[in-house]
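Q: Structure for this input, please:
(4 chains)
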There are 2 protein chains.
Amino acid sequence: MISQKAKYALRALVALARAETDSEALIIADIAERNNIPRKFLEQILLDLKRHGILESRRGKHGGYALLRPADKITFGEVLRIVDGPIAPLPCLSKIAYRRCEDCRAEASCEVRRVFARVAEATRGVLDKTTVADAIDDAQWSAGALRKKAQRA
Amino acid sequence: MISQKAKYALRALVALARAETDSEALIIADIAERNNIPRKFLEQILLDLKRHGILESRRGKHGGYALLRPADKITFGEVLRIVDGPIAPLPCLSKIAYRRCEDCRAEASCEVRRVFARVAEATRGVLDKTTVADAIDDAQWSAGALRKKAQRA
DNA sequence: ATTAAACACTACTAGTTCTATAGACTTATT
DNA sequence: AATAAGTCTATAGAACTAGTAGTGTTTAAT
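A: Numbers count the residues shown, from 1 in each chain, chains lettered A, B, ... in the order given. This next block holds a predicted model:
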């Protein structure tokens, strides 16, 4: 399960990506209210995303948040790693924070690790390839439209 | 990240599956010691797996634990659901414990949900198809042996 | 019948993480 | 100067994690 925080972060990014189209900046209070996110909690999240190079902000009147990069350059995986930490199912499989499983006798021959290496690969295959822009596109498509994407790709 | 408990459970099952070949029962203390698992903690875990139809046990002298089903009928997914609860990355995507995301305005059009539905599918694709027997086989194979499995399948 | 070996069950706990909330501060606009 | 917005730090309750402890029950060997 991803955290509530990650869910909020991703919802906020989707909202900001939609606003991007009209090149308007959004203020925290609006994002929070429109997406059922506790305002003060969202403040921390957006600030964190800013510090990690996902968002930019302006203070004062007419301030607000906007994407720093285009929505098709922000992957779910990147956001998740910032907000929730490693995606890997085991510490010994993490790219960003490798840690040996202290109680594991021999990592190289660990059966559990081998299976979860495949899990990690599968989830990264989705998360590191799916961008915020993709998520918005998906939502606009009806069932039949999936064919069209396949054709384009 | 899966819990430490799940890691212990899977390691214990691998040990039991290996013992199965020689049709011997293993006692908790041995499994614990040989796999670096706290003994009393493991007791709880194995008991839970027994209650869920994965293991059988005998009490008293010459007692111990054994797999109730053959190792190729026990999937990682099943074990994980018993020990850690739902595998799904969002409550609204869980098969065994569906729960609406309370703060979500419209589930059907939720962009985050759509992306994680693909993640869920990918991880289930591995976890529900990989058995304890597979895990042991994998570990015995050298690199080239992967080809052989593909041929068999 | 006793004893020892093993599983069965319940309760508890220290530490950590999650999900916020609160409040003071800084910056920009009007 | 007043107001609207983001920035930063601290705190706190609830839930979860990873155990530990202790007692009870069953089985087999003597």
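
Q: dump the residue contacts of the closest residue to residue A:95 other than its chain neighbours.
A: Nearest non-adjacent residue to residue A:95, counting by C-beta to C-beta, 6 or more residues apart in numbering or on different chains: residue A:88, 7.1 Å away. Where you see a C-beta, it was placed from the backbone N, CA and C, and this is true even at glycine. Residues counted as contacts of residue A:88 (C-beta atoms under 8 Å, 6 or more residues apart in numbering or on different chains) are A:94, A:95, A:116, A:120, B:1.

Q: So residue A:88 belongs to a helix, correct?
A: No - counting by DSSP: H, G, I helix; E, B strand; the rest coil, residue A:88 falls outside a helix, being coil.

Q: So what's the residue count around residue A:107?
A: Residue A:107: 12 surrounding residues under other C-beta atoms under 10 Å in any protein chain shown.

Q: I figured it hits residue A:92, correct?
A: Yes - counting by C-beta atoms under 8 Å, residue A:107 sits close enough to residue A:92 to count as a contact (5.8 Å).

Q: any common contacting residues for those two?
A: A:100, A:101, A:113.

Q: mind checking the SS state of the last one?
A: Taken by three-state DSSP, the conformation at residue A:113 corresponds to helix.

Q: ok, and the closest non-adjacent residue to the spatially most distant residue from the centre of chain A?
A: No residue in chain A sits farther from the centre than residue A:105, which is 34.0 Å out by C-alpha atoms, centre = their mean. Closest residue in space to residue A:105, ignoring its immediate chain neighbours: residue B:36 at 6.6 Å, by C-beta to C-beta, 6+ apart.

Q: my read: residue A:130 touches residue B:118, true?
A: Yes - the pair residue A:130 / residue B:118 is scored as a contact, 7.4 Å apart, by C-beta under 8 Å.

Q: Which parts of chain A are helices?
A: A:4-21, A:28-34, A:39-51, A:76-84, A:111-127, A:132-140, A:145-152 (DSSP state H).

Q: Identify each buried residue in the third one, please.
A: What it means is helix A:39-51. Residues of helix A:39-51 classed as buried under the neighbour-count rule (16 or more other C-beta atoms under 10 Å in any protein chain shown) are A:42, A:45, A:46, A:49.

Q: same thing with the first one?
A: Under the neighbour-count criterion of 16+ other C-beta under 10 Å, helix A:4-21 has A:5-20 buried.

Q: list the contacts for residue A:3?
A: A:83, A:84.

Q: Can you pick out the most distant pair from the buried residues of helix A:39-51?
A: A:42 and A:49 (10.3 Å; C-beta to C-beta).

Q: Chain A against DNA strand D: which residues are in contact?
A: Within chain A, the positions adjacent to DNA strand D are A:26-29, A:40, A:43-44, A:46-47, A:50-51, A:57-65 by C-beta under 7 Å from any atom of the strand.

Q: Now, of the shared contacts of residue A:107 and residue A:92, which are buried?
A: Buried subset of the shared contacts of residue A:107 and residue A:92 (neighbour count, 16+ other C-beta under 10 Å): A:101, A:113.

Q: Count residues in the vicinity of the closest residue to DNA strand C within chain A, would you?
A: For chain A, the residue closest to DNA strand C is residue A:60, as judged by C-beta to the nearest atom of the strand, at 2.3 Å. Counted by other C-beta under 10 Å, the residues lying close to residue A:60 total 6.

Q: Equivalent analysis for residue A:110, please.
A: For residue A:110, using other C-beta under 10 Å, the count is 22.

Q: Ignoring the adjacent residues along the chain, who's closest to it?
A: Nearest non-adjacent residue to residue A:110 (C-beta to C-beta, 6+ apart): residue A:104, at 5.5 Å.

Q: which of the shared contacts of residue A:107 and residue A:92 are close to chain B?
A: Applying C-beta under 8 Å from any C-beta of the partner chain to the shared contacts of residue A:107 and residue A:92, one finds that residue A:101 fall near chain B.
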